[in-house]
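# Output the structure for:
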Amino acid sequence: MERQRRRNRLRAYGRDDQIGPRLVPAAPVRAHVQQLHELGLGYERIGRAAGVGHGPMMDLIYGPRGTDQRAPVEEIRKTYADALLALTADSIEAALIDPTGTVRRLRALVAIGWQETALAEALGMGVGNFWTLLHGRRNRITTGTRNKVTALFIQQWDKPQDGVRAERAKKIAKHYRWVGPLAWDDIDDPTEVPEGVAKARDARYTATEYLDDIAFLLELGESPHQAAAIVGRTVPAIVKAAERHHRGDIQTVFERTLRKRVAA
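Numbering: from 1, shown residues only. Sure, this is the predicted structure:
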């Protein structure tokens, strides 16, 4: 009875495409994904192109998380299956685009006081992934990410923020020499370099660079755990890097964090 009511409701709203089964066999989908993987495409990249999150992708390939003996799942959501089976190597390549305009839009919003964590949340991104994009360490992005950022930029570019958090965001932008929305004539033109725009960093994020970033984030009041997540490093890795590069200021803070974790 409940199933029939659902069918009637879906038909009433013109969603006949959703009347079929919600779950379908996973084996053909997994085989297709593995074929794409053998062509040199990473699982995460395949998932992004299909709009399937990291967790469901890993469940499909390796089995459900949190189980003692992981075995590949037998069923998968039909929406995920349809999206993954529709992918080809060419379509995945075409779905990834240059991130220049997207990165500039995000930096411009930070420059007028929009906090990075708020932007990440608005885009549905983790802080670490957002930081990687913001700092130009993604060579390609999906059209979906580009479209989300563009829509957010259109909404917020003329709404500068005030307050303590906004001042922190502006301080970050000043530190990296990012400019606001009005500094650009054509924000998508890769050849345009307005006055004051920072030169692109080397794609390799060196220990010296991320230790400097961590020191800066701690100075702004971020917790050690948050700073580690933002730069995409673990607390133990930061301790080792700080020791190796004679950054006692950072080493002390993160060793204390490690001790608290062990004690807990």
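
# CA-only coordinates of stretch 245-259, as CSV, when you get a sec.
Taking Å, rounded to 0.1, in the frame of the first residue of the first chain, the C-alpha atoms of stretch 245-259 are listed here in CSV:
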residue,chain,number,x,y,z
HIS,A,245,62.8,22.6,9.6
HIS,A,246,63.6,23.9,13.1
ARG,A,247,60.2,25.4,13.7
GLY,A,248,60.1,25.0,17.5
ASP,A,249,57.1,27.4,17.8
ILE,A,250,54.9,25.1,15.7
GLN,A,251,56.5,21.8,17.0
THR,A,252,55.6,22.7,20.6
VAL,A,253,52.0,23.5,19.8
PHE,A,254,51.4,20.3,17.8
GLU,A,255,53.2,18.1,20.2
ARG,A,256,50.9,19.4,23.0
THR,A,257,48.0,18.5,20.8
LEU,A,258,49.3,15.0,20.2
ARG,A,259,49.7,14.5,24.0
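
# Please enumerate the strands of the protein.
Using DSSP state E, the strands of the chain run over residues 23-25, 75-77, 96-97, 141-142.

# Which among the ones you listed is found nearest to Glu243?
strand 141-142 (34.8 Å; CB to CB). Quick note: C-beta positions are derived from backbone N, CA and C, even for glycine.

# Now do the helices in the stretch 51-200 of the chain.
Along the stretch 51-200 of the chain, counting by DSSP state H, counting those that start in this stretch, helices occupy 54-62, 78-85, 89-95, 100-111, 116-123, 127-134, 143-156, 164-176.

# could you dump those helices to TSV with distance to Leu258 and mean neighbour count?
Below are those laid out as TSV (distance: least, CB to CB, whole Å; neighbours: other CB atoms under 10 Å):
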stretch	distance to Leu258	mean neighbour count
helix 54-62	26	17
helix 78-85	38	18
helix 89-95	40	13
helix 100-111	30	23
helix 116-123	24	18
helix 127-134	19	19
helix 143-156	34	16
helix 164-176	26	17
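
# Quick one: closest of those to Ile238.
Between Ile238 and the helices of the stretch 51-200 of the chain, the shortest gap by CB to CB is with helix 127-134, which sits at 13.3 Å.
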